[in-house]
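K.L.:
build me a model from this:
(one chain, ligands or ions: 1)
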Amino acid sequence: MKILDACCGGKMFWYEKALPFVTFQDIRAGVKEYSGGRKIRIEPNHVGDVTSMDFADGAFDVVIFDPPHMIRAGKTSWLNIKYGKLPEEWESWITKAFAECFRVLRSNGILVFKWNSAQIPFAKVVKLSPYRPILGDKRASTKWTIFVKMEMLIKNNSQE
Ligand SMILES: C[S@@+](CC[C@H](N)C(=O)[O-])C[C@H]1O[C@@H](n2cnc3c(N)ncnc32)[C@H](O)[C@@H]1O
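P.N.:
Numbering: from 1, shown residues only. Modelled structure (predicted):
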């Protein structure tokens, strides 16, 4: 079993933060301080860019993709420090990142996508995935969604 957490940040949702079969990737590394002296430790075991990864095609059985979800956040705000911010051209960024996550995922592998729709609606983001999701939260503002990399789930124009 090989798992990639493509934007691991502070690994807040991981119970096990140092499993040998998990690659924890983030573009940042180090201890960041935010409000009231609180700290977040960003300790990837692989520093890399989710929009252009140096892993082989099909290298992972499972990919976790929890990208920054904000386009508006002050440079020094705790949300920005903790979760990062999307670039202005967020649509092309998310499109590239989804394509890369599916490239490094093996056929029939599972992609777990997490999104908070406070600033950008989930529907606008999921549209940018090359595959259709199979299940996920439909009501909460933070949504966990499962994709499977199967040919029958590749989008075509008539299904979008
Ligand atoms: C929503 S946070 C992840 C939170 C994390 N899942 C947790 O449980 O703490 C998004 C993370 O994506 C990282 N990130 C931003 N741009 C990236 C890029 N191009 N490649 C990889 N990671 C990136 C940010 O540094 C940030 O830590």
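K.L.:
does the most far-flung residue of the chain relative to its centre belong to a helix, a strand or coil?
P.N.:
Most distant residue from the mean C-alpha position of the chain: residue 36, 27.6 Å away (Cα atoms, centre = their mean). Of the three states, residue 36 takes helix under DSSP: H, G, I helix; E, B strand; the rest coil.
K.L.:
measure it to residue 76 for me?
P.N.:
Using Cβ to Cβ, to the nearest Å, residue 36 is found at 13 Å from residue 76. In this view, the C-beta of every residue, glycine as well, is placed from N, C-alpha and C.
K.L.:
residue 10 - that's part of a helix, no?
P.N.:
No. Assessed with three-state DSSP, residue 10 is coil; it does not lie in a helix.
K.L.:
and for residue 47, the neighbour number?
P.N.:
Neighbours of residue 47 under the rule other Cβ atoms under 10 Å: 12.
K.L.:
what bridges to it?
P.N.:
Under DSSP bridges, the beta-bridge partners of residue 47 are residue 26.
K.L.:
that one reaches residue 27, doesn't it?
P.N.:
Yes. Applying Cβ atoms under 8 Å, one finds residue 47 in contact with residue 27, separated by 6.8 Å.
K.L.:
how far does stretch 64-83 sit from the chain's center?
P.N.:
12 Å (Cα atoms, centre = their mean, to the nearest Å).
K.L.:
tell me the helix or strand right after the longest strand along the chain.
P.N.:
When the chain is parsed with DSSP state E, its longest strand is strand 105-116. Counting by DSSP states H and E, the next helix or strand C-terminal to strand 105-116 is helix 122-126.
K.L.:
close to the ligand, is that following helix?
P.N.:
No. Judged by Cβ under 6 Å from any ligand atom, helix 122-126 stays clear of the ligand, getting no closer than 12.8 Å.
K.L.:
alpha carbons of that helix, as CSV, please.
P.N.:
C-alpha atoms of helix 122-126 as CSV (Å, rounded to 0.1, in the frame of the first residue of the first chain):
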residue,chain,number,x,y,z
PHE,A,122,-17.7,22.8,-4.4
ALA,A,123,-19.5,22.4,-7.7
LYS,A,124,-17.1,24.9,-9.4
VAL,A,125,-14.1,23.0,-8.2
VAL,A,126,-15.3,19.4,-8.8
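K.L.:
that'll do, ta.
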